[in-house]
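Asker: structure, please.
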Amino acid sequence: WATPMSWETATEPALRQPESKVWLKVDGKLPDDPLLHVCLMTYASDMTLLDTVLVNHGLRWGEQGTSGASLDHAMWFHRPFRADEWLLYYQDTPFAGGARGLARGQVFTQSGELVVSVMQEGLIRTGKP
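Answerer: Next comes the predicted model:
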């Protein structure tokens, strides 16, 4: 199952959750090069991770002057996976404060194997007083 994205929860408070679940995969069949799959997951891992910082505050990117920047981003690759097969990206934010948010993610195969762990700290600015 997937959860609503930050742009959906900004206008519908009942949808807000302290976590996010996103299903993702590359469209099409990829070659068997493991480095290519790692590179594509690295790119995809940054697309929604800091959204979990915004959700509980009813914010979304670009609205009311909300902007952000990645301060650091680390990934651990535990076992091989294919980016052209469905992967569940579970994300949450254990801390948000002082204009910063810490987001973490775990990527699972369809069979439930943990294949990637992700941590990111981001700077978040808003136009709200």
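Asker: and the helices in the protein, which stretches?
Answerer: For the chain, the helices defined by DSSP state H cover 6-9, 34-48, 51-55.
Asker: now the last one - C-alpha only, PDB.
Answerer: The C-alpha atoms that make up helix 51-55 are tabulated as PDB, following Å, rounded to 0.1, in the frame of the first residue of the first chain:
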ATOM      1  CA  ASP A  51       8.600  15.200   2.000                       C
ATOM      2  CA  THR A  52       8.200  13.300   5.300                       C
ATOM      3  CA  VAL A  53       9.600  16.300   7.100                       C
ATOM      4  CA  LEU A  54       6.800  18.500   5.600                       C
ATOM      5  CA  VAL A  55       3.800  16.200   6.000                       C
END
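Asker: so how far is that helix from its chain's centroid?
Answerer: Chain-centre distance of helix 51-55: 9 Å, with C-alpha atoms, centre = their mean, to the nearest Å.
Asker: counting neighbours, which bits of that helix end up buried?
Answerer: Of all the residues in helix 51-55, those buried under the rule 16 or more other C-beta atoms under 10 Å are 51, 52, 53, 54, 55. From N, CA and C alone the C-beta is placed, and that goes for glycine too.
Asker: thought the fourth one was touching residue 61?
Answerer: Yes. The pair residue 54 / residue 61 is scored as a contact, 7.2 Å apart, by C-beta atoms under 8 Å.
Asker: how much space separates residue 34 from residue 67?
Answerer: Look at residue 34 and residue 67: by C-beta to C-beta, to the nearest Å, they are 35 Å apart.
Asker: repeat for residue 39
Answerer: According to C-beta to C-beta, residue 39 stands 26 Å off from residue 67.
Asker: residue 101 too?
Answerer: Taking C-beta to C-beta, one finds residue 101 at 13 Å from residue 67.
Asker: done for today, thanks.
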